[in-house]
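Enquirer: Predicted coordinates and the sequence they were generated for:
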Amino acid sequence: MTVSEILARAREKGLRIATAESCTGGMIAARLTDIAGSSDAFDRGFVTYSNAAKQDMLGVATATLDAHGAVSEQVAAEMASGALHHSAADIAVSVTGIAGPGGSEHKPEGRVCFGLAQRGAPVLVETIEFGALGREGVRLASTAHALDLLAKAVN
């Protein structure tokens, strides 16, 4: 499904979308707002690159960050839920990961955690290991995957 089709389907169903982004730095919101007229289906995007921003803008708990780290399904879930809570959206997608270069043995480059929150439903989370695609490659792959999650949610 193209970005235009995602927005059209959201429009048809009366749904509004929000994004909560860390490693993609607003790329998902940019793809959605590249489409003229997207404001009737896209509510807002949160770029929460630092842990402080995740806490201040989305309400991610300090305890969650301390226990699991920013790159975790737990934080992705809280980011998506926080985006719903702090917006007029019905669906929110979140992304947090290691774009690179680098990473660690426990959190390698290319590990990205996603959250998908919808009003009245449990938050879905998943982790994708994109591998060492390079910073831009991981960011592009993460953006594409987040858009796929939104496509499934509005379908």
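Expert: That came through fine.
Enquirer: Would you report the backbone torsion angles of Ile151?
Expert: Quick fix: residue 151 reads Ala, not Ile. Taking degrees, to the nearest 10, you get phi -60, psi -40 for the backbone angles of Ala151.
Enquirer: Just give the nearest non-adjacent residue to it, would you?
Expert: Leaving aside its sequence neighbours, Ala151 sits nearest to Met1 (C-beta to C-beta, 6 or more residues apart in numbering; 3.9 Å). Just so you know, the C-beta spots here come from the backbone N, C-alpha and C atoms, and that holds for glycine as well.
Enquirer: Ala8 is in contact with the one you found, correct?
Expert: No. Met1 lies out of contact with Ala8 (C-beta atoms under 8 Å); the separation is 9.3 Å.
Enquirer: how much space is there between the residue nearest to Ala151 and Arg16?
Expert: 17 Å (C-beta to C-beta, to the nearest Å).
Enquirer: Which residue of these two possesses the greater neighbour count?
Expert: Counting neighbours by other C-beta atoms under 10 Å for Met1 and for Arg16 shows that Arg16 has the greater number, 18 against 14.
Enquirer: so where do the strands sit in the protein?
Expert: For the chain, the strands defined by DSSP state E cover 17-21, 42-47, 91-97, 111-118, 124-129.
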